[in-house]
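K.L.:
Let me see the structure of the following:
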Amino acid sequence: MIAQASESNHMAVEGDLNNLASSALAFYKIPSSHGGGSNSWTTDVDNVGEWLGYGYITSTNTLITENGSYYLLAYQDDVLTIEGYSYGKVINMLILSKIS
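P.N.:
Prediction:
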């Protein structure tokens, strides 16, 4: 029973990561004059986090959903890394890169 709950949560965290990736990519593409990143992640990681929502915590770069915790770990002009955690373990790592 515990394994089944863990697997269900794993799938839910992966779903959250897909949704966060989609929203983050929207942020990346939108001009800064409209609150987006203007094709860059380096505007400010807090801007990305606030765009993503979920009660973003600026002091830890953390987003929390009912499925798990997500951390904005690294950002460069062309890379943003989001890690998803559940039950204290890394579930998935997602890297978004600039598309040329």
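K.L.:
The helix or strand hosting residue 73: partners in the sheet, and parallel or antiparallel?
P.N.:
Under the criterion of DSSP states H and E, residue 73 resides in strand 69-75. Using DSSP bridges, the strands paired with strand 69-75 are strand 62-64 (antiparallel), strand 79-86 (antiparallel).
K.L.:
for those, which one sits closest to residue 41?
P.N.:
strand 79-86 (4.6 Å; C-beta to C-beta). For the C-beta atoms, the positions are set from N, CA and C on the backbone; glycine is no exception.
K.L.:
chain center to that closest one: distance?
P.N.:
Centroid displacement of strand 79-86 relative to its chain, using C-alpha atoms, centre = their mean, to the nearest Å, is 6 Å.
K.L.:
in it, what's buried?
P.N.:
Neighbour-count burial for strand 79-86, counted by 16 or more other C-beta atoms under 10 Å, picks out 80, 82-86.
K.L.:
okay, these in a markdown table with distance to residue 56 and pLDDT next?
P.N.:
Listed next are the buried residues of strand 79-86 as a markdown table, based on distance: C-beta to C-beta, whole Å; pLDDT from 0 to 100:
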| residue | distance to residue 56 | pLDDT |
| --- | --- | --- |
| 80 | 14 | 84 |
| 82 | 12 | 89 |
| 83 | 15 | 90 |
| 84 | 15 | 91 |
| 85 | 15 | 86 |
| 86 | 18 | 80 |
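K.L.:
if we take those residues, which one ends up nearest to residue 37?
P.N.:
Nearest member of those to residue 37, counting by C-beta to C-beta, is residue 80, at 9.1 Å.
K.L.:
What residues does that closest one make contact with?
P.N.:
Residue 80 makes contact with 24, 28, 41, 48, 72, 74, 95-96, according to C-beta atoms under 8 Å, 6 or more residues apart in numbering.
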